[in-house]
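Q: pasting the sequence and the predicted coordinates here, then a few questions.
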Amino acid sequence: MKINQKQAARFRHEQKYILSPLEDHIIAHRLRKLLQHDEHADSHGKYRVSSLYFDSPSDKALRQKIDGVNKREKFRIRYYNEDLSYIRLEKKIKLNGLCAKYSAPLSREQVERILDGTIDFLIEQSDPLLLEFYSKLKGERLQPKTIVAYEREAFSYAPGNVRVTFDRALCSGLRRTDFLDPGAPLIKAAAGEVILEIKYDEFLPQLIQLAVQKNNCSRTAYSKYAVCRRFD
């Protein structure tokens, strides 16, 4: 089952870098003077992201990521901070180095039903992403694999539709049933690593290029999901 083309998301450029603590401090400090924080952030410009990733019994999404398959997708359920009134199912697609994302709302009760394996309610939904998710749960036997949680500081810049994020304190949760418990214990997955991500549409403005200049960093295909799967 495919998503209606009328609802197709825009493909965007995505750059990722792993920063040292010093580079994190310098670049983040620079951006705080130039750009606005995400509107959902706290007074310090940060918020917590909690995601539950799904994969097939053979770990298709993980293997495709490791193998560098050109066209791939993965599904996750996500919420922010401790707000369980705003939960989203997301499908992320990578194609020719570009990325796109679709999302659909889920209630806490619906997530609990998915975790229990009672998914037939998805057939009754009108959102095409939820219907596709049902077909993948059935056809590819997708199942929850791991919890991925981290602290995010995000900035936006209207020209180029730019979004710059710093993801810190990456943690993994092995008990999938803990996903809806923001206070559940987690395991540190990447001590000291800070992931800088830059997403934009057709062009990256020179202001952003200058602001995120890095001395010794090269682009990476870093996957928070793959890193957290090491703890299986």
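A: Ah, there it is. All values reported here derive from a predicted model rather than from experimental measurement.
Q: measure the nearest residue in space to Asp38 that is not next to it in sequence to Tyr47 for me?
A: Leaving aside its chain neighbours, Asp38 sits nearest to Ala154 (3.8 Å; criterion: Cβ to Cβ, 6 or more residues apart in numbering). Using the backbone N, CA and C atoms, a C-beta is placed for each residue, glycine as well. Going from Ala154 to Tyr47 by Cβ to Cβ, to the nearest Å gives 8 Å.
Q: overlap in contacts of the two?
A: Asp38, Ala41 (Cβ atoms under 8 Å, 6 or more residues apart in numbering).
Q: circling back: contacting residues for the residue nearest to Asp38?
A: Ala154 touches His37, Asp38, Ala41, Gly45, Tyr47, Arg163, Val164, Thr165, Phe166, counting by Cβ under 8 Å, 6+ apart.
Q: average pLDDT for the host helix or strand of it, rounded please.
A: In this structure, Ala154 sits in strand 143-157 according to DSSP states H and E. Confidence over strand 143-157 (mean pLDDT, whole number) is 95.
Q: in it, what counts as buried?
A: Within strand 143-157, the residues that count as buried by 16 or more other Cβ atoms under 10 Å are 144-155, 157.
Q: ok, the closest residue to His37 other than its chain neighbours - contacts?
A: Spatial nearest neighbour of His37, chain neighbours left out: Gly45 (3.8 Å); criterion: Cβ to Cβ, 6+ apart. Gly45 is in contact with Arg32, His37, Asp38, Glu153, Ala154, counting by Cβ under 8 Å, 6+ apart.
Q: again, only this time at 10 Å
A: Ala28, Leu31, Arg32, Leu35, Gln36, His37, Asp38, Arg152, Glu153, Ala154, Phe155, Phe166 (Cβ atoms under 10 Å, 6 or more residues apart in numbering).
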